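Novice: Next one to model:
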Amino acid sequence: MRLALILAASSLTDVLSRGVPAVVLYALLGTLLLLLGYFVTDWTTPGKLSAIIRTEHNPNAAMLAASGVAGVALIIAAAIFESGGNLIDGLIETLVFGVLGIAALAVASLAFERVIGMDPRRLMSEQALSPASVLVGVTRVGIGLIIAFAVI
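Specialist: Residues are numbered from 1 along each chain as shown. Okay, here's the model as predicted:
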């Protein structure tokens, strides 16, 4: 009985000594990638999203920003889920697939908006939530989900 308790404590200590740093590092990397994704979304959308949301309370800007962040979050979660091996290899894989996925989301979103004739600049000038911004928002999340599955 005593040996089982020693083995369980040893195993728990081993799991925690590997797991806690991994959680902290993946959370930090994931947050940095999420910020990068937000800035890419902001860069590919006309106007400064955070300023428009804060000062004008524009629901279309909020929809475009939130959907971009949601799409990026799906990609980052998939990159973390798929990463394997030791901690350093996993973090590098997450970084590479995360950045690649963010770039793919930006390009695909811009292409989709052009093909279906949605003009984000026009959407940003409207003060009421536009059905077009809902469509673009859902599309950004959908594209993020598609890329997330491509990563997995």
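
Novice: roughly how far out does the longest helix seen in the chain sit from the chain middle?
Specialist: Longest helix of the chain, by residue count under DSSP state H: helix 2-43. Remark: helix 2-43 is offset 18 Å from the chain centroid, using Cα atoms, centre = their mean, to the nearest Å.

Novice: Which strands or helices does it pack on?
Specialist: Applying 3 or more Cβ pairs under 8 Å, 6 or more residues apart in numbering; DSSP states H and E, one finds that helix 2-43 contacts helix 49-51, helix 59-82, helix 87-115. C-betas here are computed from N, CA, C, even on glycine.

Novice: Comparing those, which comes out most buried?
Specialist: Ranked by mean neighbour count under mean count of other Cβ atoms under 10 Å, the helices and strands packed on helix 2-43 are led by helix 59-82, which reaches a mean of 22.

Novice: what angle separates it from helix 87-115?
Specialist: Using axes from the mean of the first three to the mean of the last three Cα atoms, to 10 degrees, the inter-axis angle of helix 59-82 relative to helix 87-115 is 140 degrees.

Novice: Can you tell me the SS state at residue 46?
Specialist: coil (DSSP: H, G, I helix; E, B strand; the rest coil).
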